[in-house]
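K.L.:
Structure, please.
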Amino acid sequence: MRKTRMALSFSVLLLLGACTDSGIRGDLDQVLNGTFEAEEEYREVQDDLEKREKAEQKLFADIMSLTQEQHEKVAEQAQEALDSADERLDFLNTEKESMQSAEKKLAEIDQVIEDAEEESVKSDVQALKTKMQERFAAHSNFVTAYEKLIGLQKELYEMLKDEDSKLQMLQEKATEVNEQNNLVQQAVTDFNELTQQVNELKDNTLKKLTES
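P.N.:
Numbering: from 1, shown residues only. Alright, predicted model coming up:
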C-alpha cells in the first residue's frame, strides 16, 4: 500500500514596485498590490502545510512497517496523523480566507476599468481582471479537492486505528487517497499555470500603460 506525497508547491503573485502615478497606472498598481497584500496569509501557511504533509508521510511509512502485534503503536501513530490532518485543515481554512479576501479586494479594479478613457485600456484591464478571477476559481477548486483528500486520509487513519480493519479495505481506501491526490496535484498545476499567466498579463498591461 503506497501513499503518494503531495507537494503543495504554489506559484504566487509577484509584488509590484512602488508607483506614484496618480492616473490609471497608479490606480491599477494600488488594486494589484492590495490584492497581493491580502494573499499574505496564504503565502505564510505554505511551509506549514508542506511540513505537515512530510511528517504525515513519515508517520504513514512507520505505521506500515509495524506488525499486527504492535497495534497499540499503530493506533498511537495513526492518531498523530489524524491530529496533523486536522491542523492542515486549519491552515487550509486560513489560506482560503486569505484568498477570499484578496478576491474581494480585486473588485476595486472595476473602478479602474470605469475610469479608463481609452477602450484599449479598458479591454486590457478587463482581460487582466478576468484572468485573475480564473485564478481565484482555480484556487477554490484546489481547496475543494484538498478538503476531500484530507477527509479520505482521515478515514484511512481511523481504519488503521481499528484493529479489526481488513487489509483489503485498507488497500481500497489507500487507492482512493492516491486517486484524490492526483486530482489535487492537477488542481495545483492549473492554479500555478494561471498564476504565471496573471503575472505575465499584469506585466504586459502595466508596460502598455507606462508607454502610453
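K.L.:
Which residue ranges of the chain form helices?
P.N.:
24-38, 40-64, 71-106, 109-115, 119-161, 167-211 (DSSP state H).
K.L.:
Just want the angle from the third one to helix 119-161.
P.N.:
Here helix 71-106 points in a direction 170 degrees away from that of helix 119-161 (axes from the mean of the first three to the mean of the last three C-alpha atoms, to 10 degrees).
K.L.:
So Glu41 sits against Asn93, correct?
P.N.:
No. The pair Glu41 / Asn93 is not scored as a contact, 10.4 Å apart, by C-beta atoms under 8 Å. Placement of C-beta: from N, CA and C, glycine included.
K.L.:
Mean pLDDT and mean neighbour count added to the helices of the chain, as CSV?
P.N.:
Below are those laid out as CSV (pLDDT from 0 to 100; neighbours: other C-beta atoms under 10 Å):
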stretch, mean pLDDT, mean neighbour count
helix 24-38, 91, 19
helix 40-64, 90, 16
helix 71-106, 95, 17
helix 109-115, 96, 16
helix 119-161, 96, 18
helix 167-211, 92, 16
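K.L.:
which residue lies farthest from the center of the chain?
P.N.:
Glu69 (39.4 Å; C-alpha atoms, centre = their mean).
K.L.:
Just the pLDDT for that one.
P.N.:
Here the pLDDT value assigned to Glu69 is 79.
K.L.:
what's the distance between it and Asp162?
P.N.:
16 Å (C-beta to C-beta, to the nearest Å).
K.L.:
do the same with Lys148
P.N.:
According to C-beta to C-beta, Lys148 stands 22 Å off from Asp162.
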